[in-house]
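any chance you can model this:
(one chain, ligands or ions: 1)
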Amino acid sequence: MKIGLAQMDISFGRPDENKKQVQKWVEKADEAGCDIVVFPELWTTGYDLTRISEIADEDAKDISGFLSELSSKYSIHIIGGSIAKKTEDGVSNTLLVAENSGNIIKEYDKLHLFKLMDEHHYLLPGKEDGLFTLMDTVMAGMICYDIRFPEWFRRHVVEGAKAVFVVAQWPAERISHWKTLLTARAIENQCFVIACNRTGSDPKNEFGGHSLIINPWGDIIAEGTLEEELITADIDLNEAAEVRKKIPIFQDRRPEFY
Ligand SMILES: NC(=O)CCC(=O)C(=O)O
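Below you'll find the predicted structure:
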């Protein structure tokens, strides 16, 4: 299975411009022969939080339609990063997954809001898990700050996830945390971690790129730079079972003690 990470810059508060860019990245991923393409967090709006309720997508209708069309046109699965989704309760930071048939098979609202970037003032936290099934395999989606909560990540793997997608806007100043946390999550959960960060900057942050594809042994098999680029790798999902056979942590866990 070939994965492509669309490590893109994001135009601050300009959904229409960002949609044009996303279309180009899907075309690039298709030309590169990817089966799945992954986008970063809040790619429609960026962290333009003071205007978020004006520019968020009503019930995610517009972007769901947009991703649905692209995925079926190019016959590619899209882990559609996350977008600002507006409902009558407020705005959430919502990850969308479009299957290559055009069906939207998952919406996951970011569970842990990141106070350092003011999310708690403008966004609603999620209440549901990030599990979904794609290509007959259980997978999961997480959004950025979620990776600092190993118990949340573990829950998804215990429930069957063999690959966990992470979509992010992770600042450059903490990129060492990004790499270490993602590698630890792959090693301790013996799963693929497929993480797409953005590049560029907004009025408050420089973002760190360095999108990563990490195998269940914890080896980094593809890594981005600071530039905009499509990062690709071929992965074999059976590797998770091989690593789990060698060091059977899921048999050896003693959850009755923790
Ligand atoms: N957008 C985010 O959730 C950023 C998380 C982050 O930067 C961190 O250090 O955690």
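
could you use CA atoms for every contact and neighbour count after this?
Noted.

contacts only, for whatever residue of the stretch 1-150 of the chain ends up closest to the ligand.
Closest residue of the stretch 1-150 of the chain to the ligand, C-alpha to the nearest ligand atom: Y145 (3.7 Å). By C-alpha atoms under 8 Å, 6 or more residues apart in numbering, the residues touching Y145 are H112, L113, F114, A168.

export the residues you listed as JSON lines, with columns for pLDDT.
Listed next are those as JSON lines, based on pLDDT from 0 to 100:
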{"residue": "H112", "pLDDT": "98"}
{"residue": "L113", "pLDDT": "98"}
{"residue": "F114", "pLDDT": "98"}
{"residue": "A168", "pLDDT": "98"}
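
specify the beta-bridge partners of the residue nearest the centre of the chain.
By C-alpha atoms, centre = their mean, the chain has its centre lying nearest to V167, at 2.5 Å. Beta-bridge partners recorded for V167 (DSSP bridges): I143, C196.

and which of the contacts of Y145 is nearest to T133?
Checking the contacts of Y145 against T133 with C-alpha to C-alpha, the nearest one is A168 at 21.2 Å.

pull up the per-residue confidence for the closest residue to L134 other than its chain neighbours.
In space, and not counting its chain neighbours, L134 is closest to E99: 7.3 Å by C-alpha to C-alpha, 6 or more residues apart in numbering. The per-residue pLDDT reported for E99 equals 98.

and for T137?
96.

mind exporting stretch 127-138 as CSV, just the C-alpha atoms?
Presented in CSV, the C-alpha positions along stretch 127-138 are these (Å, rounded to 0.1, in the frame of the first residue of the first chain):
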residue,chain,number,x,y,z
LYS,A,127,-16.6,12.8,22.5
GLU,A,128,-16.1,9.8,20.2
ASP,A,129,-13.2,7.6,19.2
GLY,A,130,-11.2,7.8,16.0
LEU,A,131,-11.6,4.2,14.7
PHE,A,132,-12.5,3.3,11.2
THR,A,133,-12.1,0.4,8.7
LEU,A,134,-10.4,1.0,5.4
MET,A,135,-9.3,-1.7,3.0
ASP,A,136,-10.6,-4.3,5.4
THR,A,137,-8.2,-3.1,8.1
VAL,A,138,-9.0,-1.3,11.4
